[in-house]
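J.: Can you look at this prediction? I've put the sequence above it.
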Amino acid sequence: MTLSTTFRSRITARLGRSYLARIQKHGFGSSTIRLLPEELLTPLRRDGLDPVRRPGGTPASPPVSRVELPFGMDAWVVTGYEESKAVLGSADGFSTDFAHLAGNAGIAAEQSPGGLGFSDPPVHTRLRRILTPEFTMRRLRRLTPRIDAIVEERLDAMAAAPGPVDLVHAFALPVPSLTICELLGVPYEDRNDFQQLAMDRFDLFAGTTAPFGAMSASLDYFRGVVRAQREKPGDGLLGMIVREHGDSVDDEELAGLADGVLTGGFETTASTIALGSLVLLRNEDVLERLRTDDTTTAPFVEEVLRYLSAVQMAFPRFAREDIEIAGVVIPRGDMVLCSLSGANRDPSYVTDDGRFDVDRVPAAGHLAFGHGIHRCIGAELARMELRAAYPALARRFPRMRLAVPPQDLAFRKLSIVYGVESLPVHLH
């Protein structure tokens, strides 16, 4: 199937109508967002690349704090590193089932995206077992030549462009989008349209409810891809699942899994590539090391993941029972939100946590990919893309510099996935 302009327009119009209808019905929007307590919004705020830890940027808040929500739920915000690991690592103590959100905060049951993020064992266990073989390093290595080729193609296009180039749209967005096409087995003739659909979805992530609205467009598309794969399985992830699991995975589950790969692997990696490029622009010595010393690549990528934490908040958890974290008792049924950006900058986890240090080796691993059974299944694929993109960019354009004053850069506001809207650079 091919995504035509008419199809995209129809999906966009439908998405807009449904989103506006939800705003009218449930009261979401900027006015309602302003009613949310600042303690809940603070983990989604940044000062440039740095998290804002408390209202007004004052010193770090307690690692676990209670927040009263206006729609009848109590929530707890967890910002500490060890405390976040305790929550994320306890599948017995906390649930991520979407049913907890349905009926609360204006979110309807039919808005469930399916997939791994909003499911508990045994459903989560079964779905993850289906996906895991495709995300082993042995399977992923087959993508290495294509990832390298995608990166070089984008660098060639940038080099040929006149004037300043926007690294977000020319580099950071296409690399993961086209990589996911390869992974999923999206038909070649669909790829330009698929990339545009993915970018449209990316733009809709700017608000706190946008993730639930944006899913409908990609789910509609993936349902069509799944039907095509049922008839003629390809060599990508969807074709592999159809061949190996047949009807034991229904079309809706398979579309949800594909959408989850897009959710977890597109905007997160794109934002990290863009923000990491900004780190390079701010640190010429690091750019030079990355350009000339291959051993710098891996530690640079890990420090970028920790320092930036593009995914600012983990999927919401709900306490299965009264449970104690850091001396605080969280009552059964309460929602828990773990701030990954806060945890990865926790002074008890890393010293001098506000400084980017490519030689930093924390005693424990960062939480950029989460932790526990819901740790991002595509973590190694993301690392492959980042390890290919950054050194190639540094080698090709060692004298690149910002084309606008740093204070003119526009960053996302109140976004689960943090990012910079555009990054104009002079390449030479």
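T.: Perfect, I can see it now.
J.: Secondary structure of Leu337: a strand, I assume?
T.: Yes: assessed with DSSP: H, G, I helix; E, B strand; the rest coil, Leu337 lies in a strand.
J.: Phi first, then psi, for the residue nearest to it when sequence neighbours are not counted.
T.: Leaving aside its sequence neighbours, Leu337 sits nearest to Val77 (CB to CB, 6 or more residues apart in numbering; 5.3 Å). Placement of C-beta: from N, CA and C, glycine included. Main-chain torsions, Val77, degrees, to the nearest 10: phi -100, psi 130.
J.: What residues does Val77 make contact with?
T.: Listed by CB atoms under 8 Å, 6 or more residues apart in numbering, the contact partners of Val77 are 39-40, 42-43, 61, 64-65, 67, 337, 339.
J.: Arrange those in CSV, one row each, with secondary structure and distance to Tyr221 as further columns.
T.: Formatted as CSV, those follow (DSSP: H, G, I helix; E, B strand; the rest coil; distance: CB to CB, whole Å):
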residue, secondary structure, distance to Tyr221
Glu39, helix, 37
Leu40, helix, 32
Thr42, helix, 35
Pro43, helix, 31
Ser61, coil, 41
Val64, strand, 40
Ser65, strand, 40
Val67, strand, 36
Leu337, strand, 30
Ser339, strand, 32
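J.: Low-confidence regions, this protein specifically.
T.: 1-35, 53-61, 71-72, 98-115, 117, 188, 191-215, 217 (pLDDT under 70).
J.: Contact partners for the residue nearest the centre of it?
T.: Closest residue to the average C-alpha location of the chain: Thr268 at 3.1 Å, with CA atoms, centre = their mean. Going by CB under 8 Å, 6+ apart, Thr268 touches 310-311, 382, 417.
J.: Point me to the helix or strand that includes it.
T.: Using DSSP states H and E, Thr268 falls within helix 268-282.
J.: Counting by contacts, list what the very next helix or strand once past that helix packs against.
T.: Using DSSP H and E, the helix or strand that follows helix 268-282 towards the C-terminus is helix 284-292. Contacts defined by 3 or more CB pairs under 8 Å, 6 or more residues apart in numbering; DSSP states H and E place helix 284-292 against helix 268-282, helix 297-308, helix 379-396.
J.: Just the C-alpha atoms of helix 284-292, please, in PDB.
T.: Extracted in PDB, the C-alpha atoms of helix 284-292 (Å, rounded to 0.1, in the frame of the first residue of the first chain):
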ATOM      1  CA  GLU A 284      34.600  21.800  20.200                       C
ATOM      2  CA  ASP A 285      37.200  19.700  22.000                       C
ATOM      3  CA  VAL A 286      34.700  16.800  22.300                       C
ATOM      4  CA  LEU A 287      33.800  17.200  18.600                       C
ATOM      5  CA  GLU A 288      37.500  16.900  17.700                       C
ATOM      6  CA  ARG A 289      38.000  13.800  19.900                       C
ATOM      7  CA  LEU A 290      34.900  12.200  18.400                       C
ATOM      8  CA  ARG A 291      36.300  13.000  14.900                       C
ATOM      9  CA  THR A 292      39.800  11.600  15.500                       C
END
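J.: Would you mark the buried spots in it?
T.: For helix 284-292, the neighbour count (16 or more other CB atoms under 10 Å) marks 286-287, 289-291 as buried.
J.: so which of those comes closest to Arg387?
T.: Leu290 (10.4 Å; CB to CB).
J.: I figured that closest one hits Thr297, correct?
T.: Yes: with contact defined as CB atoms under 8 Å, Leu290 reaches Thr297; the gap is 6.5 Å.
J.: overlap in contacts of the two?
T.: 390-391.
J.: Hmm, Leu427 and Ala159 touching each other?
T.: Yes: if you go by CB under 8 Å, Ala159 and Leu427 touch, sitting 6.8 Å apart.
J.: Who has more neighbours out of the two?
T.: The neighbour count for Ala159 versus Leu427, taken as other CB atoms under 10 Å, is higher for Leu427 (20 against 12).
J.: Give me the nearest residue to the more buried one, chain neighbours excluded.
T.: Nearest non-adjacent residue to Leu427 (CB to CB, 6+ apart): Phe397, at 4.6 Å.
J.: quick one: the one you found from Phe315, how far?
T.: 37 Å (CB to CB, to the nearest Å).
J.: for Pro70, same thing?
T.: According to CB to CB, Pro70 stands 21 Å off from Phe315.
J.: same deal with Val304?
T.: Counting by CB to CB - Val304 and Phe315 are separated by 22 Å.
J.: Neighbour count: these two, which is higher?
T.: Val304 (24 against 17).
J.: Correct me if wrong: that one contacts Thr272.
T.: Yes: at 6.6 Å, Val304 counts as touching Thr272 under the criterion of CB under 8 Å.
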